[in-house]
Every structure is written in structure tokens, then in C-alpha cells.
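Engineer: Next come a sequence and a model predicted from it.
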Amino acid sequence: MFRKEIKVLDCTIRDGGLMNAHQFSDEMVTRVFRACTASGVDYVELGYKADESQFSRKDFGPMKFCSEKDIDKIIGKEEKKCKVSVMVDIGRVDPNDIVPKSESHVDMMRVASYVKDIDKAINLVNLIKGKGYETTINIMAVSHAREQDLDEALEQIESESGVDVVYLVDSFGALYSEQIAYLAKKYKGILKTREIGIHAHNNQQLAFSNTIESIINDVNYLDGTIFGIGRAAGNCPLELLLGFLKNPKFDLRPILEVLEKDFVKLREEVEWGYTIPYMITGVLDNHPRSAMALRNSDNKDDYLNFYEKLTAESNV
């Protein structure tokens, strides 16, 4: 699949950090950044831009905050060959901490928002855009959105925002290829002047195939993570995505090298990826927090009772 408009964004450290409070060493983050750069990835998302008055550095690693000093430690003096992204959550970032692009290592800021908060997302993205950054709005939990509300949100984005890319986010890993195709066409039909992105979760082992389906439907911004690392069931594996794309600029070797060096061992210490509880929440289109709680309990493999409990709750 070769299309020159396609951009690959690695969010290994940002999304993977949700599993360990971003407690990665600077050395590991640097290895990931350099591997992604060498692989030809277009953007590397290093973490969040979180408000330090709300979150403590005693509890979270540096990539939760992504200050310019934090990022400088990762990039160092080497030439930056890919773009740097960070994510901002509405209400969890201090807009006063966002310096002009001319003073920052960051190239793109991605605003995560639910449909109900789209007006707040537009206000924040326009502020960030005004400071010179590339921007996205990542509409989360789209599988839970009422179609009329989603349509209105997309129309509002098109008419009121300066955003560059709007992401279709399958937060609960609940969507199938037909739904991805339908939503991609909807986004493309309403957002006539924007690029569209896909961020797929792997609860039903469909993150990779749903990403391919989005490519078929002219989605050009593609998220992936090394070894699929991410909250709960994780995301589309970057190594699979780069292996699928037929653009000669992508080189799989640096990703395999850092995967072998860092992520095999990390997988023994931190659990992520497809498991039955995450599959169950995906099938039921539920937030994975209940499955995460189960996996952290003494009854982590109590699958049937977990399924019975969730289905009973959904029928109330």
C-alpha cells in the first residue's frame, strides 16, 4: 500500500505510558525516538502536556509533562529527522504553559475530546494553532456517540476550527471493518478541508485490520505503537503497519531492534495487549477500566463471571 499522502505517527511512549504512569527511563525513550526516526516514521508522540498543578512528578514520569527541558533530554543535539507530537487533554493542560512553536521542539499538538466537549476542543485547538503548531482533534469513544451528535460535532469542527487532522478513535476496540468504512466516509464527507486519522485499539484483535480498512477509505494519518503497547488491549502494532505499507522510506529494522532490546522484557513486567477480559469489554462496547481492574485483582482469569456481570449490568 503506497500512497505518498500517508503519514505514520508512533505513540508508543504516550499511549504505552498509560500502563506504567510514564515511568520510562530517559534512555529508553531516547532509544524509541531514535528507532522511530531511523525507521522513517513521520511523527513521534512523546507524551502528554499535563498541568503540573494537577499531576505530580512524584507519581508520573517526565513524558506525562513534556516540558521543553524534558524533550530536550530525549532529542539531544542530533538532527531531528521526524516531527514531534504531544497530546493535550481538555481541562488537564494549562494553556499558559504552551509556548509559541518557534520556542518549542514540538511540531504537532493533538487535542483529545469526547463529542460532548467538542466546543472546548475547538477553542483549545484554535489557541494552539494560533501559536504555530500543527493540530489534531481526536474524537474519542466514537462507538458510543449518537450519530446526530457526531454529525453536528464534525460540522462544527469544519466550520469553526483551524484544525489540520481529525482522528477517528476506536477507544473501546468495539468497531468492525464495516463500521470503520462507514465512519471514514462520514468524516471525509463532512470534513472536506481536513485530513482524517485513525487510532485503533486491539480488544478484538482488529486494530491492524481496521487501520488497513481506513487506508482503503482514504484515511491518511495512521497511529501505531511498538509491539502494540498501550492502555489495556493496546493499539495497532507499528511493526505490522510498517510491514504492510509499501513506501520504501519505511525501514522495519530499527523497530525490530528496539522491540527486541526493550519491549520483550517490558512485556514481562507490564501487561498490555489482547486478553479475554479486554475482548469482552470490546465485544460489549464498554470502557476497559473494568477489565483493567480485573487483571489487577486476585481473580484476573475469572472470565465467565466477569462476562456475566457486565452483561447483567447492560441489561439493567
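Structural biologist: Nice, thanks for sending it over.
Engineer: contacts and neighbour counts: CA atoms only from here.
Structural biologist: OK.
Engineer: Is it correct that Ser85 falls within a strand?
Structural biologist: Yes: counting by DSSP: H, G, I helix; E, B strand; the rest coil, Ser85 falls inside a strand.
Engineer: so it sits right up against Leu46, yeah?
Structural biologist: Yes: in this structure Ser85 lies within contact range of Leu46 using CA atoms under 8 Å: 6.4 Å.
Engineer: what about the helices in the stretch 151-300 of the chain?
Structural biologist: Ranges of helices in the stretch 151-300 of the chain, per DSSP state H, counting those that start in this stretch, are 177-190, 207-216, 238-244, 253-258, 264-269, 276-283, 289-295.
Engineer: returning to what we had before: and Ser85 and Leu46? which has more neighbours close in?
Structural biologist: Leu46 (31 against 25; other CA atoms under 10 Å).
Engineer: Can you list the strands that the strand or helix carrying that one pairs with?
Structural biologist: If you go by DSSP states H and E, Leu46 is part of strand 43-48. According to DSSP bridges, strand 43-48 forms sheet pairs with strand 7-10 (parallel), strand 83-89 (parallel).
Engineer: any chance of those in CSV, with distance to Lys69 and mean pLDDT too?
Structural biologist: Listed next are the strands paired with strand 43-48 as CSV, based on distance: least, CA to CA, whole Å; pLDDT from 0 to 100:
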stretch, distance to Lys69, mean pLDDT
strand 7-10, 21, 98
strand 83-89, 14, 98
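Engineer: can these go into JSON lines with extra columns for distance to Glu260?
Structural biologist: Formatted as JSON lines, the strands paired with strand 43-48 follow (distance: least, CA to CA, whole Å):
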{"stretch": "strand 7-10", "distance to Glu260": "17"}
{"stretch": "strand 83-89", "distance to Glu260": "24"}
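Engineer: Nearest to Lys249, out of the ones you listed?
Structural biologist: Closest to Lys249 of the strands paired with strand 43-48 is strand 7-10 (CA to CA; 11.3 Å).
Engineer: What lies in contact with that closest one?
Structural biologist: Defining contact as CA atoms under 8 Å, 6 or more residues apart in numbering, one finds that strand 7-10 is touched by 36, 41-45, 220-226, 238.
Engineer: Those: which two are farthest apart?
Structural biologist: Across the contacts of strand 7-10 (CA to CA), the longest gap, 19.4 Å, separates Asn220 and Ile226.
Engineer: between the two, who's got more neighbours?
Structural biologist: Shown here are Asn220 and Ile226; by other CA under 10 Å, Ile226 has more neighbours (26 against 20).
Engineer: these two touch, right, that one and Leu252?
Structural biologist: No: using CA under 8 Å, Ile226 makes no contact with Leu252, being 10.9 Å away.
Engineer: shared neighbours of these two, which are they?
Structural biologist: Glu239.
Engineer: could the helices of the stretch 151-300 of the chain be laid out in a markdown table, adding distance to Tyr303, mean neighbour count and mean pLDDT?
Structural biologist: Output for those, formatted as a markdown table (distance: least, CA to CA, whole Å; neighbours: other CA atoms under 10 Å; pLDDT from 0 to 100):
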| stretch | distance to Tyr303 | mean neighbour count | mean pLDDT |
| --- | --- | --- | --- |
| helix 177-190 | 26 | 17 | 98 |
| helix 207-216 | 22 | 22 | 98 |
| helix 238-244 | 29 | 19 | 97 |
| helix 253-258 | 33 | 18 | 98 |
| helix 264-269 | 22 | 11 | 96 |
| helix 276-283 | 6 | 23 | 98 |
| helix 289-295 | 9 | 17 | 97 |
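Engineer: For Phe55, which of those helices is the nearest?
Structural biologist: Closest to Phe55 of these is helix 289-295 (CA to CA; 20.1 Å).
Engineer: Can you give the contact residues for the closest one?
Structural biologist: The contact list for helix 289-295, computed with CA under 8 Å, 6+ apart, reads 232, 277-278, 281, 300-301.
Engineer: at 7 Å instead, please
Structural biologist: With contacts defined as CA atoms under 7 Å, 6 or more residues apart in numbering, helix 289-295 is touched by 232, 277-278, 281, 300.
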